[in-house]
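Undergrad: A predicted structure for the sequence below; I have some questions about it.
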Amino acid sequence: MKPLTSSEAPATNDPLADFKRERLKYKALRKQQGKKGQSREDITLTMLQKFQSKLDDTRETSGGSVPELRLEPVTAAVDGGEEEEDLTDTSWYDEGR
């Protein structure tokens, strides 16, 4: 007998039945996902390749004019002037100890 999925199951107010239904649903999903290892890595790399090809296609259809992202250093106003912020400064973290 095939177990009911959440869309096929009748609506009940029984929390235990709901829990068991959800558990069966996620067990089935876990079996579909596969085990860790080379095959899972291959699946991930395939998905990455698909994403990269979609990204390239989008760039080509937009005329290749993707604006460059320019990041400028963060500045903080100190005594009316501007000073470049030291991003490696963790003194604020050590003060609370």
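TA: Yep, that arrived.
Undergrad: quick check: pLDDT value at Ser7.
TA: We note a pLDDT of 53 for Ser7 in this prediction.
Undergrad: same check on Ser62?
TA: Looking at Ser62, its pLDDT is 74.
Undergrad: strands of the protein, start to end?
TA: Secondary structure of the chain, counting by DSSP state E: strands at 75-78, 81-84.
Undergrad: can you tell me which of these the model trusts least?
TA: Of all those, strand 75-78 has the smallest average pLDDT, which comes to a mean of 58.
Undergrad: so, low pLDDT: which residues of the protein?
TA: 1-12, 34, 63-69, 74-84, 94-97 (pLDDT under 70).
Undergrad: could you redo the last one with a cut-off of 50?
TA: 1, 6 (pLDDT under 50).
Undergrad: in it, which helix is the longest?
TA: In the chain, taking DSSP state H as the definition, the longest helix is helix 38-61.
Undergrad: same for that helix, what does it pack against?
TA: Using 3 or more Cβ pairs under 8 Å, 6 or more residues apart in numbering; DSSP states H and E as the contact test, no helix or strand touches helix 38-61. Just so you know, the C-beta spots here come from the backbone N, C-alpha and C atoms, and that holds for glycine as well.
Undergrad: C-alpha coordinates for it, PDB please?
TA: C-alpha atoms of helix 38-61 as PDB (Å, rounded to 0.1, in the frame of the first residue of the first chain):
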ATOM      1  CA  GLN A  38      31.300  12.000  -5.500                       C
ATOM      2  CA  SER A  39      27.800  11.600  -7.000                       C
ATOM      3  CA  ARG A  40      26.500  14.500  -4.900                       C
ATOM      4  CA  GLU A  41      29.400  16.600  -5.900                       C
ATOM      5  CA  ASP A  42      28.800  15.800  -9.600                       C
ATOM      6  CA  ILE A  43      25.100  16.900  -9.200                       C
ATOM      7  CA  THR A  44      26.200  20.200  -7.600                       C
ATOM      8  CA  LEU A  45      28.800  20.800 -10.300                       C
ATOM      9  CA  THR A  46      26.100  20.100 -13.000                       C
ATOM     10  CA  MET A  47      23.800  22.600 -11.300                       C
ATOM     11  CA  LEU A  48      26.600  25.200 -11.200                       C
ATOM     12  CA  GLN A  49      27.300  24.700 -14.900                       C
ATOM     13  CA  LYS A  50      23.600  25.200 -15.700                       C
ATOM     14  CA  PHE A  51      23.600  28.400 -13.700                       C
ATOM     15  CA  GLN A  52      26.700  29.700 -15.400                       C
ATOM     16  CA  SER A  53      25.300  29.000 -18.800                       C
ATOM     17  CA  LYS A  54      22.100  30.800 -18.000                       C
ATOM     18  CA  LEU A  55      24.100  33.700 -16.700                       C
ATOM     19  CA  ASP A  56      26.100  33.800 -19.900                       C
ATOM     20  CA  ASP A  57      23.000  33.600 -22.000                       C
ATOM     21  CA  THR A  58      21.500  36.500 -20.000                       C
ATOM     22  CA  ARG A  59      24.600  38.600 -20.600                       C
ATOM     23  CA  GLU A  60      24.500  37.900 -24.300                       C
ATOM     24  CA  THR A  61      20.900  38.700 -24.700                       C
END
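Undergrad: cool, thanks, signing off.
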